[in-house]
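Asker: Pasting the sequence and the predicted coordinates here, then a few questions.
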Amino acid sequence: MSEPRIRNMEEFAAVSGISRPTVSKYFNDPESVRKSTRMRIEQALEQHEYRPNIYAINQNRRLTKSIGLVVPFLVDPFFAEIARNIENLIIATGYRPILLNSQGRSEHEVENLESLRSFRPAGVLIAPLGRESDRSALEAFCEDVPTVLFDSNISNIGHGFVGADNRQYARDIVEYLCRSGEPPCFFEMRTPANPNANKRRQSYLQTMEELGYEPHVISVEGTGWAFEDIGYRQGMAVIEKRLLQTNTVLCSNDRLAIGFLAACFEKGYRVGVGPQNALRVAGMDDHPFARFTCPPLTTVAQNYAAVSSSAVETLLTLLSLGDSEYPARREQLFEGRLVKRMSA
């Protein structure tokens with residue numbers, strides 16, 4: 001049988017026969033212990049394959065009071081808003097936030113992770129790109145640094161995840177649209193940048209089936225984070241080709257819906273509630289601009305405050321453990337709130 005995994009510095013000291021203070025002194029500065037002791041420790045490290053959590057050690061020594069914060073696309077007002085909330089919470093705890101923007105590109109996300117290594121933060125909060133993320137790079141980083149993911153979940157990566165209950169979002173708004181008018185079709189990108197879109201589509205399909213309606217998914221071309229442009233251009237094409245099989249359109253996110261509304265206006269389609277209007281349009285997220293569209297957009301509001309505070313609290317709990325073994329990865333999902341406006 002293989003030897004049990006060494007979980008922390010106390011266990012390593014016990015199996016190596018070297019005192020805990022001496023082991024800690026070595027990890028703080030290898031040159032501070034005698035050469036013979038250093039050789040014994042290094043041999044034990046190789047024998048037991050123990051890899052200390054240097055970031056947790058640094059936290060205990062108070063060598064760092066910074067927390068990294070990485071978002072996929074800071075130009076997006078949604079991420080700007082949630083980053084602002086998290087920054088304020090980090091500052092309130094006495095830490096310094098280091099905010100980095102991945103600019104919607106995998107190589108920038110990897111560069112951000114490498115930059116954070118040089119900053120040696122106490123921990124990191126990251127909203128990963130999702131399908132575009134370099135999983136191996138992200139996984140290696142999370143093995144070394146206490147990391148909590150938010151908004152976009154990547155299974156088994158990081159020490160926890162906090163985000164929206166996307167299935168509930170889609171279920172609630174589909175149910176509302178069905179009972180208040182014609183059942184909706186689902187307007188989405190064929191290859192969405194954010195994996196949350198896939199959960200929303202699956203929930204749309206399931207909810208429509210449960211309600212006894214035939215689902216209609218309109219998957220359009222487009223990549224990246226220019227959602228409004230994709231919603232506008234592809235919305236124009238969908239209208240011109242008469243692909244809408246219902247007068248109600250549910251977009252997979254508010255930014256797509258904003259672009260789709262512009263397409264409707266240009267094509268002369270009135271959007272809103274009532275027989276005088278040709279279409280109803282809805283989205284999901286309650287984007288900061290959603291209430292300023294024309295007409296104001298019906299949507300499902302994310303709980304910014306709950307996601308932000310829970311992400312920070314989860315990371316602080318990890319940091320309080322020092323070099324002890326971290327608990328099992330935990331996922332926290334927060335329900336959204338239906339916001340009825342004039343578009344549907």
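Answerer: Perfect, I can see it now.
Asker: Tell me the first helix or strand C-terminal of the helix or strand residue 263 falls within.
Answerer: According to DSSP states H and E, residue 263 maps onto helix 254-266. Where DSSP H and E defines the elements, the next helix or strand beyond helix 254-266 is strand 280-282.
Asker: What lies in contact with that following strand?
Answerer: Applying C-beta atoms under 8 Å, 6 or more residues apart in numbering, the contact partners of strand 280-282 are 173, 177, 181-182, 184, 247-251, 257, 260-261, 264, 271-273, 297-299, 343-344. (C-beta placed from N, C-alpha, C; glycine too.)
Asker: hmm, which of the residues you listed are the buried ones?
Answerer: Buried subset of these (neighbour count, 16 or more other C-beta atoms under 10 Å): 173, 177, 184, 247-251, 257, 260-261, 264, 271-273, 297-299, 343-344.
Asker: Could you list the low-pLDDT ranges of this protein?
Answerer: Applying pLDDT under 70 to the chain flags the ranges 1-5, 28-29, 51-64, 322-325.
Asker: Let me see the ranges of the strands in this protein.
Answerer: 66-71, 96-101, 123-126, 147-150, 160-164, 185-189, 217-220, 248-251, 280-282, 299-301, 330-334, 337-339 (DSSP state E).
Asker: Tell me the residue in this protein that is farthest from the middle.
Answerer: residue 36 (47.4 Å; C-alpha atoms, centre = their mean).
Asker: what's the neighbour count on residue 210?
Answerer: Applying other C-beta atoms under 10 Å, we find 11 residues neighbouring residue 210.
Asker: contacting residues for it?
Answerer: With C-beta under 8 Å, 6+ apart, residue 210 has no contacts at all.
Asker: gap between it and residue 201?
Answerer: According to C-beta to C-beta, to the nearest Å, residue 210 and residue 201 sit 15 Å apart.
Asker: Residue 77 too?
Answerer: Taking C-beta to C-beta, one finds residue 77 at 24 Å from residue 201.
Asker: Comparing the two, which shows the higher neighbour count?
Answerer: In this view residue 77 and residue 201 are compared by other C-beta under 10 Å, and residue 201 has more residues nearby, 19 against 13.
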